[in-house]
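Enquirer: Give me a 3D structure for the following:
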Amino acid sequence: MEGTFVGADGRISGYDLKLTNEQPSDLVVFAHGFMGFKDWGCWNLVQDYFVKNGMSFLKYNVSHNGVTLEQPTDFADLNAFGSNNYSKEKDDLRCIIAQIKDELGDQIKIHLIGHSRGGGIVLLMADELKVTSVTTWAGISDIGKRFPLGSELENWKQNGSRTILNGRTHQEMPLNYTQYLDFVENRQELDIKESCQKLKIPVCAIHGDADTSVELKEGLQIAEWTKTSLHIISDGNHTFDATQPWNSDVLPHQLKEVCDMTIQFIHETIQL
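Expert: Below you'll find the predicted structure:
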């Protein structure tokens, strides 16, 4: 089922929901990463794989990721992308969870999965949302280190915006300085370490040892702070061999391994 929800700043965004039955007791909610979207690469296959293994699954677009309802796989709204920030992504997750609980019932147990930047978001929001478990796939552990320093930061302030190249689409993606201001103004609420240390629910952290986008040490930090063990994917890159587009109907081996680990973890959590 495809649907919409009202996210940060009242912006309407899309989600996909597949249920194993009309009244599931548990639901997986997946948060994508930076320069990602719900239909990126293998995420549709991932959803199908979880459902095949008995788990209802929802994936959604963060409201300011740059795609639109009309163009769900293209960065067609760069103004929205430029004005995104971590607080907005927290609000998006808050909004989609509230809506889905209204639709499926407040008793449903939520299991969050976040990839990359989405991993940081689910860790930040897990306690507030009273979820049952959290899994990070190549998750970030530190928001502050995502921002430039020194003269680069000062130039960003002076110009009000900077751009980064999307290597896949070759678009110059804008980043407004307000993204940094949001971090400064909400530093405590965006402290992933502090959020991790507060968690009293099961956490599963998975990371590839060949990840060049989010270093392995960030996964190790998440595991340390949540008092769990890091599951390391040998030769695993940032997307576990998934690419956009993905033209096969079979998951890449590394990503299937990640899914299997996560499914086992959630099944074990349900049985606690």
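Enquirer: any idea which helix or strand carries the closest residue in space to residue 128 that isn't next to it in sequence?
Expert: In space, residue 128 comes closest to residue 94 once its chain neighbours are excluded; the distance is 7.5 Å by Cβ to Cβ, 6 or more residues apart in numbering. Backbone N, C-alpha and C define where each C-beta goes, glycine included. Using DSSP states H and E, residue 94 falls within helix 86-104.
Enquirer: Off-centre distance for that helix?
Expert: 13 Å (Cα atoms, centre = their mean, to the nearest Å).
Enquirer: Flag the shaky bits of this structure, pLDDT-wise.
Expert: Across the chain, nothing is flagged by pLDDT under 70.
Enquirer: the strands in it, which residues?
Expert: Applying DSSP state E to the chain gives strands spanning 2-6, 12-18, 26-31, 56-60, 109-115, 133-137, 161-165, 172-176, 203-208, 230-233.
Enquirer: so which of these gets nearest residue 47?
Expert: Closest to residue 47 of the strands of the chain, according to Cβ to Cβ: strand 56-60, at 4.7 Å.
Enquirer: how many degrees apart are the closest one and strand 12-18 in direction?
Expert: 160 degrees (axes from the mean of the first three to the mean of the last three Cα atoms, to 10 degrees).
Enquirer: To residue 78, which of the strands of the chain lies closest?
Expert: strand 172-176 (5.6 Å).
Enquirer: What residues sit buried inside that closest one?
Expert: If you call a residue buried by 16 or more other Cβ atoms under 10 Å, then strand 172-176 has these buried ones: 173-176.
Enquirer: and that strand, which strands flank it?
Expert: strand 161-165 (antiparallel) (DSSP bridges).
Enquirer: what comes into contact with the strand it pairs with?
Expert: With contacts defined as Cβ atoms under 8 Å, 6 or more residues apart in numbering, strand 161-165 is touched by 82, 148, 155-156, 171-177.
Enquirer: Distance-wise, check residue 244 relative to residue 106.
Expert: Residue 244 sits at a distance of 35 Å from residue 106 (criterion: Cβ to Cβ, to the nearest Å).
Enquirer: same check, this time on residue 25
Expert: Residue 25 sits 12 Å away from residue 106, going by Cβ to Cβ.
Enquirer: Which of these two has more residues huddled nearby?
Expert: residue 25 (13 against 7; other Cβ atoms under 10 Å).
Enquirer: Which residues lie in contact with the more buried one in this structure?
Expert: The contact partners of residue 25, taken as Cβ under 8 Å, 6+ apart, are 107-109, 270.
Enquirer: Need these in JSON lines (columns: distance to residue 128).
Expert: Output for these, formatted as JSON lines (distance: Cβ to Cβ, whole Å):
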{"residue": "107", "distance to residue 128": "18"}
{"residue": "108", "distance to residue 128": "17"}
{"residue": "109", "distance to residue 128": "16"}
{"residue": "270", "distance to residue 128": "22"}
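Enquirer: what about burial for the residues you listed, which qualify?
Expert: Applying 16+ other Cβ under 10 Å to the contacts of residue 25 flags residue 108 as buried.
Enquirer: Could you export stretch 68-88 as PDB, CA atoms only?
Expert: What follows is stretch 68-88, C-alpha atoms only, in PDB (Å, rounded to 0.1, in the frame of the first residue of the first chain):
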ATOM      1  CA  THR A  68       8.600  14.600  -4.900                       C
ATOM      2  CA  LEU A  69       5.400  12.600  -5.000                       C
ATOM      3  CA  GLU A  70       5.400  13.100  -8.800                       C
ATOM      4  CA  GLN A  71       9.100  12.200  -9.200                       C
ATOM      5  CA  PRO A  72       9.800   9.800  -6.400                       C
ATOM      6  CA  THR A  73      13.200   8.600  -7.700                       C
ATOM      7  CA  ASP A  74      14.600  12.000  -8.900                       C
ATOM      8  CA  PHE A  75      16.000  14.900  -6.900                       C
ATOM      9  CA  ALA A  76      13.500  17.300  -8.500                       C
ATOM     10  CA  ASP A  77      13.200  19.700  -5.600                       C
ATOM     11  CA  LEU A  78      16.600  20.900  -4.700                       C
ATOM     12  CA  ASN A  79      15.200  23.800  -2.700                       C
ATOM     13  CA  ALA A  80      13.700  21.300  -0.300                       C
ATOM     14  CA  PHE A  81      16.900  19.300  -0.200                       C
ATOM     15  CA  GLY A  82      18.900  22.400   0.600                       C
ATOM     16  CA  SER A  83      16.700  23.300   3.500                       C
ATOM     17  CA  ASN A  84      16.700  19.900   5.100                       C
ATOM     18  CA  ASN A  85      18.200  19.300   8.500                       C
ATOM     19  CA  TYR A  86      18.500  16.600  11.200                       C
ATOM     20  CA  SER A  87      15.700  18.100  13.300                       C
ATOM     21  CA  LYS A  88      13.300  17.900  10.300                       C
END
